[in-house]
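Chemist: Turn this into a model:
(4 chains)
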There are 2 protein chains.
Amino acid sequence: MVVKQTMSAAMKATEQEADAGKTQGTGTQTLLRGLALLECVAAGICDVKGIATRLGTPRSTTNRMLASLVAEGYLHHIPYKGYLLGPKLIQLGMKALEQRPLVAIARPHIETLAEATGDTVHLGVEENGEVFYLDKIPGTRGLEMRSRTGQRMPLASTGLGKALMLGMPPARWQALHALTCPAGSPAGRPRPAEWPVFEEQLSRYVAQGWAMDLEENELGIRCVAAPVRDGRNLVVAAVSVASAVPYMPEDRMTTLGPLVRATAEAISKDLGWTEP
Amino acid sequence: MVVKQTMSAAMKATEQEADAGKTQGTGTQTLLRGLALLECVAAGICDVKGIATRLGTPRSTTNRMLASLVAEGYLHHIPYKGYLLGPKLIQLGMKALEQRPLVAIARPHIETLAEATGDTVHLGVEENGEVFYLDKIPGTRGLEMRSRTGQRMPLASTGLGKALMLGMPPARWQALHALTCPAGSPAGRPRPAEWPVFEEQLSRYVAQGWAMDLEENELGIRCVAAPVRDGRNLVVAAVSVASAVPYMPEDRMTTLGPLVRATAEAISKDLGWTEP
DNA sequence: CCGATTGTCCCACTATTTGGCACTATGCGG
DNA sequence: CCGCATAGTGCCAAATAGTGGGACAATCGG
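Modeler: Below is the predicted model:
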């Protein structure tokens, strides 16, 4: 329901390399044409003529490909009515969603982030009301963080956790916050802000797309984090950059925010996520 | 594999053309190979060598296709690590899910069902606690049903509605049942069984995969219905066969049940659904 | 440090695609 | 009820697009 126009119209593009913008002519024209065809149908063009003009292929060729795609289940064919994306695509889409080894996919991105910042970078997911560290890249500043992949931490007192909470309904926030700050907990240990304040903070973080952690989990450690979303636009993970206070003054955090957020979004896109 | 003759060299043993019935006189080998490759990756083979052997293509060819698929976003590539289904597939999968005009897809199936039974066939979805008739094929027995596509009916008193309820958590059943039978409703009008009994009926229907309606909505009309599921295994619609009591004795309904269920499943498959 | 895989190029050969054309089937609008 | 525009199906000569062998370099795993 996004696009609807895209009539045939001009946009001729004789043939051979329709979208010049594509990657350099590879050596699999037929495959590429077929895929283009799929995307064409995905865009809403469902009549043969439209498709044919859209990608500049003659009727016979177009039909031949359509037939193959239908035969394989990538397209649905309603005779004399049109073509639609087929079941196989739904199937593969689901598989792609499962099969996704978050860590492997996120690696390159968090490595880039690590190099760019020089600080420790974490990747984590929510599990059972806690943060679960999936990956970690040590900083190059000499200092060692206690965190370790495979470790668990409270959601409300870590940057990673707060980023994960940004994807939850605000109704759950209080419970998780309470879970992090047991009834008569000693004020001696670092801890997140008191409830009303905490809620305000999270709301602000939601708005800006990234969260902060000001020594709330570990004294002397601050971090900036952002949520990672999947194809369904659900928050499935978060990334964070952490360092010692001296390296993390307020203004640096403000600068880092958008960067971390960008990294998180890059990962999101690799997971099939698309802009609002 | 019916790829003509004149093949000779290369493509020896390893060929076995992956998934059997595949290519059958086509004319888009490259496209098909590419798609086969996708399914191969979907199946979990993520190393080049494995893929190459799996579909009998030489290394160079395989790599070429992989590169194209990666370039187009259909695959994810983690250098020296392997290949995974890419974001584009998730994207297309989601689109396929939306784009699905249930009616158009179900038509052929319900027409077949209509011809086979000679009775009125309905297709409907749940909407706001009611059944919403999406399509109807009049029976050939002369009698006319009052139902009309676009009409709404209570869930609990129609076969279609009950089939739709089979996909809901039993916890919601009672509320919907109550909604159909207002407080001091007159016993004069047809209505579903009293609560405890109704629940038992639904449970049985869940087990057998199809539901019945014994003049609970309209006197003299009985019907057999079954739920249609989509790629996420969620009930998104239902089909039913309805007719006048004389044409619908108990034993005929028992015979019809599996048939209606089969039709519903056929539609489900077209929607991307796969067996338990 | 070695062996096994993978990512890349190059290139001659031909099988795989191409796209025109001719016909039939079907849908839509009047 | 009729006709046009679009869709579905084959056939076929031509040549383009794809194939696969082979040689290297970059990496990984151990």
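Chemist: Do a quick rundown of the helices in the stretch 101-250 of chain A.
Modeler: Remark: helices assigned in the stretch 101-250 of chain A by DSSP state H, counting those that start in this stretch are A:102-117, A:159-165, A:170-180, A:195-208, A:250-270.
Chemist: a markdown table please, covering those and showing distance to DNA strand D and mean neighbour count.
Modeler: To be clear about C-beta, it is placed using only N, CA and C from the backbone, and glycine gets the same treatment. Formatted as a markdown table, those follow (distance: least, Cβ to the nearest atom of the strand, whole Å; neighbours: other Cβ atoms under 10 Å in any protein chain shown):
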| stretch | distance to DNA strand D | mean neighbour count |
| --- | --- | --- |
| helix A:102-117 | 11 | 18 |
| helix A:159-165 | 26 | 29 |
| helix A:170-180 | 37 | 15 |
| helix A:195-208 | 36 | 14 |
| helix A:250-270 | 18 | 19 |
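Chemist: can you put those helices in JSON lines and add distance to B:Leu164 and mean pLDDT?
Modeler: Output for the helices of the stretch 101-250 of chain A, formatted as JSON lines (distance: least, Cβ to Cβ, whole Å; pLDDT from 0 to 100):
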{"stretch": "helix A:102-117", "distance to B:Leu164": "36", "mean pLDDT": "89"}
{"stretch": "helix A:159-165", "distance to B:Leu164": "35", "mean pLDDT": "96"}
{"stretch": "helix A:170-180", "distance to B:Leu164": "29", "mean pLDDT": "89"}
{"stretch": "helix A:195-208", "distance to B:Leu164": "36", "mean pLDDT": "94"}
{"stretch": "helix A:250-270", "distance to B:Leu164": "35", "mean pLDDT": "95"}
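Chemist: With distance to DNA strand C added, can I get those helices in a markdown table?
Modeler: Shown next, in a markdown table, are the helices of the stretch 101-250 of chain A (distance: least, Cβ to the nearest atom of the strand, whole Å):
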| stretch | distance to DNA strand C |
| --- | --- |
| helix A:102-117 | 13 |
| helix A:159-165 | 31 |
| helix A:170-180 | 41 |
| helix A:195-208 | 37 |
| helix A:250-270 | 16 |
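Chemist: of these, which approaches A:Leu123 most closely?
Modeler: Nearest to A:Leu123 among those is helix A:102-117; the distance by Cβ to Cβ comes to 5.1 Å.
Chemist: quick one: is that closest one near chain B?
Modeler: Yes - residues of helix A:102-117 contacting chain B under Cβ under 8 Å from any Cβ of the partner chain: A:104-105, A:107.
Chemist: what's the closest of these to A:Pro79?
Modeler: A:Ile105 (40.5 Å).
Chemist: and the closest one, what is it in contact with?
Modeler: By Cβ atoms under 8 Å, 6 or more residues apart in numbering or on different chains, A:Ile105 lies in contact with A:267, A:270-271, B:76, B:78, B:84.
Chemist: ok so, going back, quick one: closest of the helices of the stretch 101-250 of chain A to A:Asp135.
Modeler: Comparison of those against A:Asp135 by Cβ to Cβ identifies helix A:102-117 as nearest, at 5.1 Å.
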